[in-house]
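Asker: Output the structure for:
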Amino acid sequence: MTFQELQLIEPIQKALKTQGYTHPTPIQAQAIPQLLQGKDLLGCAQTGTGKTAAFAIPILQLLHQQGPQPKGSRKIKALIVTPTRELAIQIDESFADYGKNLHLNHTVIFGGVGQKAQTDALHKGVDILIATPGRLLDLMNQRFVSLRDINFFVLDEADRMLDMGFIHDVNKIIAALPQKRQSLFFSATMPPAITKLANTILNNPVRVEVTPVSSTADTINQFLYFVDKNKKNDLLLHVLENKDIETALVFTRTKHGADKVVKVLAKEGIKAAAIHGNKSQNARQNALADFKAQKIKVLVATDIAARGIDIDELAYVINFEIPNISETYVHRIGRTGRAGANGTALSFCDAEEKEYLKDIEKLISKSIPVIKDHPFPFTGFIPAKKENDFRHQKPKQNHFKKAEDHHQTSRSPKKYFKQKPSRKD
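Answerer: Okay, here's the model as predicted:
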């Protein structure tokens with residue numbers, strides 16, 4: 001199937017062609033025709049499946065077909081709510097790309113920055129508003145935003161909303177929406193709390209489900225280091241000595257952990273920056289821009305902050321800490337090996353993280369090759385925990401099994417370090 005077969009208007013088809021898009025992803029092929037018919041939609045899909053285009057394209061087309069709003073009285077007709085600033089910015093950029101040939105205004109609002117530029121844009125009038133929950137409610141309370149005229153409402157990354165504690169904010173936003181509207185609800189998972197929330201938003205929805213990401217791209221070469229927790233910093237410095245690693249995206253589980261890694265690297269003269277929820281929006285955008293321009297060698301990120309990071313030629317991802325949710329591993333390493341390029345993913349696993357590793361390998365249906373020849377051999381050392389230190393306890397809802405010693409495979413990654421990212425024509 002091609003985009004031409006989806007009955008899209010010429011200005012949008014022209015924009016998609018400019019972007020090099022010819023064939024829709026599975027979620028786009030399923031969702032766009034239903035949304036163009038005005039139906040509510042419940043989408044079970046993760047980041048990276050193309051869901052932004054799946055809702056942005058039909059919203060742009062339907063708004064365009066409504067005709068221009070009267071000058072001087074432009075009302076917000078579409079609202080997209082998403083949990084993080086990076087995702088909000090990315091969605092706003094997507095609306096700009098797909099709607100470049102349409103006369104529709106859109107803007108994005110989020111916290112962490114001053115509100116004047118955002119309120120000025122709202123005062124001029126917008127058709128489409130992309131927002132994070134906290135800033136949206138703040139501007140609603142200040143009467144800068146009215147949701148009375150909303151025709152299209154999208155709640156994106158609903159499960160992440162719950163994880164971040166936004167459920168009460170979301171309920172307040174929903175209460176301010178008109179009853180008559182077309183609603184779209186996207187979530188990577190559908191636990192009972194998410195299903196209950198969806199039922200309050202949607203009216204007889206069409207369900208679109210994309211198979212959850214459970215496999216890794218063949219273009220990504222994965223390797224594993226077993227290392228004691230107190231030697232991870234040393235191992236990271238050792239790995240970064242490889243001259244083939246020009247830049248690397250390093251993942252930690254916590255904001256505090258990300259800042260600690262940056263300090264360790266800075267002490268050794270390695271230019272690095274952290275990107276996480278405690279950083280201002282300007283600091284996060286500047287860090288990402290510097291990383292893309294290779295002004296810094298290492299970008300250290302938490303999982304939530306990393307959503308929305310899209311770097312086509314990123315060659316190396318390093319899991320400084322193994323994620324405690326298996327699917328997160330797939331998303332992390334999926335930041336490399338994109339657009340046909342080769343990529344390498346290195347993971348540091350300590351004794352406490354073996355349980356997480358076992359679930360990851362079960363999910364991806366393969367054992368990750370182990371690099372045994374490194375200067376910091378694994379002893380199985382587990383540091384004594386401080387009282388009330390719950391940071392590394394597994395979530396209650398998880399089903400991790402008892403760890404077992406395994407991984408007898410030994411394989412050298414040297415040949416992969418020599419590979420440079422190369423795009424296919």
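Asker: CA only for contacts and neighbour counts going forward, please
Answerer: Noted.
Asker: worst-scoring helix or strand of the protein, pLDDT-wise?
Answerer: Here the helix or strand of the chain ranked lowest by mean pLDDT, DSSP states H and E is helix 414-417, holding a mean of 48.
Asker: per-domain residue ranges of this protein.
Answerer: Listed domain ranges for the chain are 3-209, 220-383+391-417 (source: automatic domain parsing).
Asker: Mind telling me which of those domains the model trusts least?
Answerer: Of all these, the minimum mean pLDDT falls on domain 220-383+391-417 (a mean of 81).
Asker: before we move on, the earlier item: a markdown table for the domains of the chain, including mean neighbour count?
Answerer: Shown next, in a markdown table, are the domains of the chain (neighbours: other Cα atoms under 10 Å):
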| stretch | mean neighbour count |
| --- | --- |
| domain 3-209 | 18 |
| domain 220-383+391-417 | 18 |
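Asker: Now do the strand or helix carrying Ala193: distance to the chain's middle.
Answerer: Here Ala193 sits within helix 192-201, counting by DSSP states H and E. The chain centroid and the centroid of helix 192-201 are separated by 22 Å, computed with Cα atoms, centre = their mean, to the nearest Å.
Asker: For the stretch 201-350 of the chain, which segments count as helices?
Answerer: Ranges of helices in the stretch 201-350 of the chain, per DSSP state H, counting those that start in this stretch, are 232-240, 255-267, 281-292, 303-306, 326-333.
Asker: Figure out which of these is closest to Gln179.
Answerer: Ranking those by proximity to Gln179 (Cα to Cα) places helix 303-306 first, at 31.6 Å.
Asker: Tell me which of the helices of the stretch 201-350 of the chain approaches Glu209 most closely.
Answerer: Glu209 lies closest to helix 326-333 among the helices of the stretch 201-350 of the chain, at 16.3 Å (Cα to Cα).
Asker: What helices and strands are in contact with the closest one?
Answerer: In terms of contacts (3 or more Cα pairs under 8 Å, 6 or more residues apart in numbering; DSSP states H and E), helix 326-333 is packed against helix 354-364.
Asker: Which other helices and strands does the helix it packs on contact?
Answerer: For helix 354-364, the packing partners by 3+ Cα pairs under 8 Å, 6+ apart come out as helix 326-333.
Asker: Let me know the angle separating the helix it packs on from helix 354-364.
Answerer: Counting by axes from the mean of the first three to the mean of the last three Cα atoms, to 10 degrees, helix 326-333 lies at 80 degrees to helix 354-364.
Asker: all strands for the protein, in order.
Answerer: In the chain, the strands defined using DSSP state E lie at 41-44, 78-81, 106-109, 128-131, 152-155, 182-187, 206-209, 220-226, 248-251, 272-275, 298-301, 316-319, 343-349.
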